[in-house]
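*Asks:* structure, please.
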Amino acid sequence: MPDLFDISSEPNDADLLWQLTGARAGPILLVTGSARVVLPVVDRLRVLPSLVYLRGTLCVGGRDYVGQADEQLSLDGVAADDIYWGILSRAAELGMISGRGIPLDRPWTQAPIHNFSKAS
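*Replies:* Numbers count the residues shown, from 1 in each chain. A predicted model of the protein is given here:
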């Protein structure tokens, strides 16, 4: 069973707001954005039953959070609904989830992605 825990009850933009560690090995995806915008997204992700099959670790932090990750997806200034779908879309692209039913042609596909796992 994956870990699911809150790290902060009074979030700010420098906090890690949520982390879900899958039962199987995989990449670490860090998603950052405004804390007050991403918190409702975290609530929505929590009730998504398919995330129990996650491969790797999904971290959601405030826009100023700095942490170790294979990839960081910066979704600052993006609408909450697009953040939700952006997280699922990137997780599917990385092979962390199956990706069935996740549209890939939305605005978040233009969000900056920082890949830390490959040498530049």
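*Asks:* in the protein, which spans are strands?
*Replies:* Here the chain has its strands, by DSSP state E, at 3-6, 16-21, 24-33, 55-62, 71-74, 113-115.
*Asks:* deepest-packed of those strands, please.
*Replies:* Most buried of these, by mean neighbour count (mean count of other C-beta atoms under 10 Å): strand 55-62, with a mean of 23. Where you see a C-beta, it was placed from the backbone N, CA and C, and this is true even at glycine.
*Asks:* sheet partners, orientation included, of that one?
*Replies:* Strand pairing for strand 55-62, using DSSP bridges, gives strand 16-21 (antiparallel), strand 24-33 (parallel).
*Asks:* contacts for the longest one, please.
*Replies:* Contact with strand 24-33 is made by 38, 54-65, 67-78, 83, 86-87, 90-91, 94-96, 117, as judged by C-beta atoms under 8 Å, 6 or more residues apart in numbering.
*Asks:* for Val38, what are its contacts?
*Replies:* Leu17, Val31, Thr32, Val60, Gly62, Leu75, Ala80, Ile83 are the contacts of Val38 under C-beta under 8 Å, 6+ apart.
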